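Trainee: Please work out how this folds:
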Amino acid sequence: MLHVFVDEAGVPGFTSHFMIGFAFFPNENYKLCVDNIKRKIKGIKGKEPREIHFHDISPELKKEFLKQLVEVGGRFGYIHIEKDRINEGFREHPDNNLMYNLILFYLIENLVNIGYSEDHITVYVDQRSSNKSIKRELANYLPMKINPILEGKHLYVRWEKSHNSRGIQCADSICGSIYRKFTKDDCQYYDIIKHRLVIARNNLFRKA
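Mentor: Below you'll find the predicted structure:
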């Protein structure tokens, strides 16, 4: 089973930049990376955080965390959208979940097409909404689109609260690193992970 952890940065249809990113690993050693950083935060602040938020930790710990995720064999990917450069039909569409679902589909489709399709896939999505219809729509849509190209394998969608998923916390840091590159012109974190990116795409749905 390939376990793919997904998070996003920005808000589709509202912020000038939006992206969805993922992280996956060859084993569960990524959990030790999260626990290690949480212990270091406890040593500094006297209290262990419930979860790691990339924007809340120091630059030094950001870099250390990312280096550890690389060292345990992490593979990462993203699709990034600039609001002003996409087709007006998508930019002004009233259903923000349409863009989210399409971007996530393209991410996983790309992952399958480059060879990560030898086993079943479970996609763990940060529980960004408690709306059951939104969750049900994605849980139906993604397998419907991906299963036909998996050649007998299956894709499953699971919604996870970030504080319960160390994998989602890893994906949050990957997204944070890439998002800073595009919004702050700050590549110091992106440069740590860029050689482990298996998918890096910009500006789908661009203007004609």
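
Trainee: When you work out contacts or count neighbours from here on, use the C-alpha atoms and nothing else.
Mentor: OK.

Trainee: quick one, phi/psi of the residue of the chain positioned farthest from its centre?
Mentor: Here the chain reaches farthest from its C-alpha mean at G46, the gap being 29.6 Å by C-alpha atoms, centre = their mean. Phi and psi for G46, reported as degrees, to the nearest 10, are phi 90, psi 0.

Trainee: same check, this time on D126
Mentor: phi -60, psi 130.

Trainee: what's around the closest residue to it other than its chain neighbours, how many residues?
Mentor: Of all residues not flanking D126 in the chain, E160 sits nearest, at 5.3 Å (C-alpha to C-alpha, 6 or more residues apart in numbering). Applying other C-alpha atoms under 10 Å, we find 19 residues neighbouring E160.

Trainee: For Q68, see how far away E160 is.
Mentor: Per C-alpha to C-alpha, to the nearest Å, E160 is found 23 Å from Q68.

Trainee: Check D191 too.
Mentor: 14 Å.

Trainee: Quick one: low-confidence residue ranges for this protein.
Mentor: Within the chain, the stretches with pLDDT under 70 are 13, 85-96, 128-130, 204-208.

Trainee: from the middle of its chain, how far away would stretch 71-89 be?
Mentor: 9 Å (C-alpha atoms, centre = their mean, to the nearest Å).

Trainee: outside of that stretch, which residues touch it?
Mentor: 13-26, 29-30, 91, 103, 107, 174-175, 193, 196-208 (C-alpha atoms under 8 Å, 6 or more residues apart in numbering).
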